[in-house]
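>>> fold the following, please.
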Amino acid sequence: ASASLQLADSNGQTLFHHLARLLVKLSKDDTKTSAENLVRTLSLKLKNESFKYQIPKEIVKGDDDAKVKEILDKLAKIAGLCKIPAHMSLPPVKEYKKPEPEEDGDEPEPAKLHYPRRKGDRPAPMPDLQGDSQMLLASGVNLGEEVTAMLSLSIRELAVVKELEQVRFFGKITGIKNDYYIVECAVPESLVDMDKKRVAAQLETYKTNKTPVSKMDYSEPWGSGINAFAYYVTNNPAARASEWTLLPRVQPLWIRTSKSVRRLFTGDLRARVGGFPNFPWGEKAYLRARIAEIAHSCTIAPSEAFIQDDELEEEDGPAIMINDEHMSVVPGSEGWEKTKLWTAEETPADIAGKWTHIMPAIREGKKIGGINRNGGRITAWVAPKPDENDEDAEDIDDYDDEEEEKEFLRSVADDESKLPELKQEDEESLPPWKFKLCDTFGKFPSENPNAMYAALSLQWPGAACVSDGQLYCNIYVGNGQVRLASYFSPPLPPAICEEFQLLDEDGRPQLDDEGAVVTLVEQKDERVPVPDPEGDEDD
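The predicted structure follows:
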């Protein structure tokens with residue numbers, strides 16, 4: 001014990017020396033203060049007297065005055081960032097005055113609070129990406145807390161700067177070199193107005209030049225059909241607004257061609273797409289076509305979340321709206337009953353009937369006269385009307401491929417699949433979806449009232465929709481490739497061209513005396529010597 005009292009600290013002081021000084025001080029002082037307070041006060045006083053303050057060498061004035069000045073300048077700049085700039089002024093503080101009662105004696109309603117809004121700020125609230133990530137975590141989809149936080153801030157900046165509406169995080173498509181983070185939003189009004197002018201000028205050109213039907217544009221304009229939504233993409237989850245790229249307006253030919261292409265994404269929008277069949281429009285168009293296929297095949301919701309919008313349907317065609325009766329009920333309140341989207345007793349087909357698609361289906365179309373005008377579109381193509389004043393204008397026949405138009409809100413149970421594992425004997429195949437009740441902890445989810453219902457796509461692995469019976473969230477995290485029913489086999493190349501045939505004056509193939517088609521024969525090479533069969537071998 002005596003040895004431990006002799007141990008010195010970093011300042012060279014020992015506990016034995018401190019206690020000795022304290023006892024000497026107590027014996028000399030004559031005070032009526034309580035012993036406990038006196039000992040504490042004297043002990044602190046002695047510690048402070050023995051402590052040695054050391055000034056850092058960096059701020060000691062001497063030969064290093066230039067270095068000290070540099071450090072002080074940096075500190076002054078940092079402190080200046082905390083001050084309000086001179087050109088900015090805070091709004092005046094308004095005192096709240098309680099409204100006076102009216103003459104009839106009724107208490108007036110409290111004044112509504114209006115929050116100041118910056119120019120370009122979103123009037124609608126941003127989607128709760130971090131809250132949705134907790135729902136998705138129960139189904140096994142996890143982007144990571146750090147990536148989710150960076151994406152949430154990046155998407156908010158993009159929406160504010162670009163003045164976007166109906167913003168949601170579509171998902172992530174993995175690539176060989178980089179990954180794509182994709183955001184879906186309503187098409188800005190500037191693009192819609194600009195596209196209306198383009199379509200009007202295009203129709204005038206068709207009438208003036210009498211463009212044939214085979215060379216007309218069959219794509220849908222911004223804000224309608226397959227281009228009802230716009231998509232921004234980036235490789236960096238913490239990207240600034242200027243680093244997001246707007247994908248182009250999708251063309252029906254891109255979608256029809258991409259269905260025969262199976263190539264992994266590189267992560268570079270400027271890269272070419274190799275393989276056969278040829279996709280000459282580059283990876284940016286390939287990515288947009290894949291997004292269209294996934295979005296219109298896998299964006300679903302609980303069947304009671306949306307209803308048909310009859311008023312808007314009369315003006316702009318089929319439309320849906322949120323079912324306020326279902327979405328406005330507060331969970332746990334009176335009259336609220338959780339919608340059970342999965343039970344162990346039900347069959348997969350019955351469970352699929354509780355989910356519905358909320359985006360229209362893409363038309364397959366078929367070739368008529370060598371042209372597929374509806375394939376890759378949502379709405380049927382309508383031929384432009386000829387100019388009434390032009391007598392030489394030809395009427396374009398109505399194009400009808402006899403394809404039945406699917407309902408906007410169509411049940412997931414009606415989805416068709418070519419996967420062999422979903423086929424049943426003497427029955428229709430099961431829908432290409434997997435439904436389950438999932439919990440964050442993964443144990444006894446049926447006994448947890450907060451468990452989530454998940455619908456996972458088997459046709460597009462990585463597409464998922466998670467719901468608690470009222471709210472829902474869609475996301476896609478995958479490589480952008482559809483699931484195949486068998487091993488992938490590249491399409492066969494086109495047939496080899498026939499040999500060149502000689503034509504007569506009427507443009508018909510020439511025939512010999514026996515009635516066979518005359519074809520060109522390869523000319524003999526005179527440079528190759530022909531051996532003489534009767535010659536001498538020694539020669």
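
>>> residue ranges in the stretch 151-300 of the chain under the pLDDT threshold?
Residue ranges of the stretch 151-300 of the chain with pLDDT under 70: 213-214.

>>> quick one, strands of this protein?
Remark: strands assigned in the chain by DSSP state E are 168-173, 180-186, 229-234, 245-246, 300-302, 306-308, 320-322, 355-357, 433-438, 452-457, 463-467, 472-478.

>>> would you mind pulling the contact partners of the fourth one?
I take that to be strand 245-246. Residues from elsewhere that reach strand 245-246 (CB atoms under 8 Å, 6 or more residues apart in numbering): 230, 231, 232, 233, 234, 269, 284. All C-beta atoms are positioned from the backbone trio N, CA, C, and that covers glycine.

>>> next, count neighbours for residue 419.
Other residues near residue 419 come to 15 when the count uses other CB atoms under 10 Å.

>>> what's near enough to touch it?
If you count contacts by CB under 8 Å, 6+ apart, then residue 419 has 429, 432, 458, 459, 483, 485 around it.

>>> most neighbours among these, please name it.
residue 432 (22 neighbours).

>>> quick check: that one vs residue 482, distance?
Residue 432 sits 10 Å away from residue 482, going by CB to CB, to the nearest Å.

>>> okay, the residue lying closest to residue 132 once chain neighbours are set aside: pLDDT?
Excluding the flanking residues, the one nearest residue 132 by CB to CB, 6 or more residues apart in numbering is residue 473, at 4.4 Å. As summarised for this prediction, residue 473 has a pLDDT of 91.

>>> pull the number of nearby residues for residue 473.
24.

>>> dump the residue contacts of it.
Going by CB under 8 Å, 6+ apart, residue 473 touches 132, 135, 136, 465, 466, 467.

>>> next one: residue 418
Counting by CB under 8 Å, 6+ apart, residue 418 touches residue 485.

>>> and the helices in the protein?
Assigned by DSSP state H, the chain shows helices spanning 2-5, 15-28, 35-50, 65-81, 129-138, 145-162, 189-209, 252-258, 282-298, 310-316, 324-327, 348-352.

>>> pull out the buried positions in the longest one.
By neighbour count with 16 or more other CB atoms under 10 Å, helix 189-209 contains the buried residues 191, 192, 195, 203, 206.

>>> of the contacts of residue 473, which is the most crowded?
Counting neighbours by other CB under 10 Å, residue 465 leads the contacts of residue 473 with 27 neighbours.

>>> tell me if I'm right that that residue and residue 354 touch.
No - Residue 465 lies out of contact with residue 354 (CB atoms under 8 Å); the separation is 11.8 Å.

>>> look at stretch 472-489 and report the distance between its end residues.
By CA to CA, to the nearest Å, the extent of stretch 472-489 from end to end equals 37 Å.

>>> CA atoms of stretch 371-383 as CSV?
Coordinates of the C-alpha atoms in stretch 371-383 are reproduced here as CSV (Å, rounded to 0.1, in the frame of the first residue of the first chain):
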residue,chain,number,x,y,z
ILE,A,371,-45.4,-3.7,-90.1
ASN,A,372,-46.0,-4.2,-86.3
ARG,A,373,-47.5,-0.8,-85.3
ASN,A,374,-48.9,-1.7,-81.9
GLY,A,375,-46.1,-3.9,-80.4
GLY,A,376,-44.4,-2.0,-77.6
ARG,A,377,-47.2,0.5,-77.1
ILE,A,378,-49.9,0.9,-74.5
THR,A,379,-52.6,2.5,-76.6
ALA,A,380,-53.6,1.4,-80.1
TRP,A,381,-52.0,3.3,-82.9
VAL,A,382,-54.3,5.7,-84.8
ALA,A,383,-53.5,6.6,-88.4
